[in-house]
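Asks: Build me a model from this:
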Amino acid sequence: MGDVTQLLALPDMLFPDRGHDHDKYRRLLRGRGIGPAIDERGQPHGTGPGISRRVVERTVSRLHGFRRLRIRREGRDDIHEDFLGLADCLVYQIRHQ
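Replies: Next up, the predicted model:
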């Protein structure tokens with residue numbers, strides 16, 4: 001296991017949804033060195049940075065289709081991570097058929 005005292009690296013960009021379209025949130029992100037890519041309210045869907053965001057949401061949705069991942073009963077993290085890895089392989093296989 002890694003050292004728990006190490007901080008995780010912050011992302012370069014963040015793609016929140018239109019509900020966070022406010023200068024307050026943009027300032028918070030810029031203050032942490034993260035570039036905000038927020039869709040503006042009132043713009044048609046399918047424009048702006050939301051296109052990248054939907055790819056991630058669709059993948060997470062597919063992973064939640066596997067009941068073992070949606071309802072976690074395993075007490076051990078390694079078993080859950082193994083099921084997650086198996087689901088990743090299945091989602092990849094389905095996507096690239």
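
Asks: Work out for me the element H80 sits within.
Replies: Assigned by DSSP states H and E, H80 falls within helix 77-95.

Asks: Show me what that helix is packed against.
Replies: When contacts are defined as 3 or more C-beta pairs under 8 Å, 6 or more residues apart in numbering; DSSP states H and E, helix 77-95 packs onto helix 50-64, helix 67-70. Glycine gets a C-beta too; all of them are placed from N, C-alpha and C.

Asks: So what's the model's average confidence on that helix?
Replies: Averaging pLDDT along helix 77-95 yields 83.

Asks: Give me the buried positions along that helix.
Replies: A87, V91 (16 or more other C-beta atoms under 10 Å).

Asks: and the spatially closest residue to M13 that is not a sequence neighbour, how many neighbours does it have?
Replies: Closest residue to M13 apart from its sequence neighbours, by C-beta to C-beta, 6 or more residues apart in numbering: G35 at 4.7 Å. Neighbour count for G35, taken as other C-beta atoms under 10 Å: 11.

Asks: Domain-wise, how is the protein divided?
Replies: Following automatic domain parsing, one finds the domains of the chain at 11-64, 66-97.

Asks: Show the contacting residues for the residue nearest to M13.
Replies: Contact analysis of G35 by C-beta atoms under 8 Å, 6 or more residues apart in numbering lists D12, M13, L14, L29.

Asks: okay but the second one is in contact with R32, surely?
Replies: Yep, that's M13 we're talking about. No: at 11.9 Å, M13 does not count as touching R32 under the criterion of C-beta atoms under 8 Å.
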